[in-house]
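Participant: Attaching a predicted model along with its sequence, questions to come.
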Amino acid sequence: MFSIPGKQAVSISPAAAKQIARLMEKGGHAGLRIGLKKGGCAGMEYTMDYVDAADPNDETVEQDGARVMIAPMAQMFLFGTEIDYETSLLESGFKFRNPNVEDACGCGESIKFKDVNELAAERGIG
């Protein structure tokens with residue numbers, strides 16, 4: 001598991017915390033698990049799934065009634081990310097402001113990360 005003592009893996013904006021807490025309460029879920037999967041034109045996509053129990057290997061972030069679990073394989077790639085929730089006239093949804101993203105497709109759904117060795121060097125590991 002990847003972590004830096006005293007620093008949360010991700011931050012959650014007040015708008016995102018409010019929406020996550022609302023979703024947790026509405027469905028009776030323990031939280032949302034964030035992960036990554038291969039796909040899209042840039043190579044990777046974020047995943048968000050309801051969870052009813054925390055996995056002991058997940059990194060858990062709690063803020064303002066919201067609980068986000070980060071899947072083990074995604075932790076290094078999501079470290080430093082801000083999760084926000086934006087509402088506009090045309091769409092509403094979660095937005096990820098991730099400093100580890102090297103490139104993204106035009107729609108913003110698909111992302112490409114910096115090289116794993118580069119990420120490790122930035123964090124002083126490896």
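Facilitator: Nice, thanks for sending it over.
Participant: who's in contact with the residue nearest to residue 10 when sequence neighbours are not counted?
Facilitator: Counting by C-beta to C-beta, 6 or more residues apart in numbering, the nearest residue to residue 10 once its immediate chain neighbours are dropped is residue 81, at 4.7 Å. For the C-beta atoms, the positions are set from N, CA and C on the backbone; glycine is no exception. The neighbours of residue 81, taking C-beta atoms under 8 Å, 6 or more residues apart in numbering as the test, are 9, 10, 11, 96, 97, 98, 99, 100.
Participant: what's the nearest residue to the first one if we skip its chain neighbours?
Facilitator: By that I understand residue 9. The nearest residue in space to residue 9 (C-beta to C-beta, 6+ apart) is residue 59, at 4.7 Å.
Participant: pretty sure the one you found is touching residue 69, no?
Facilitator: Yes. Between residue 59 and residue 69 there is a contact at 7.1 Å, judged by C-beta atoms under 8 Å.
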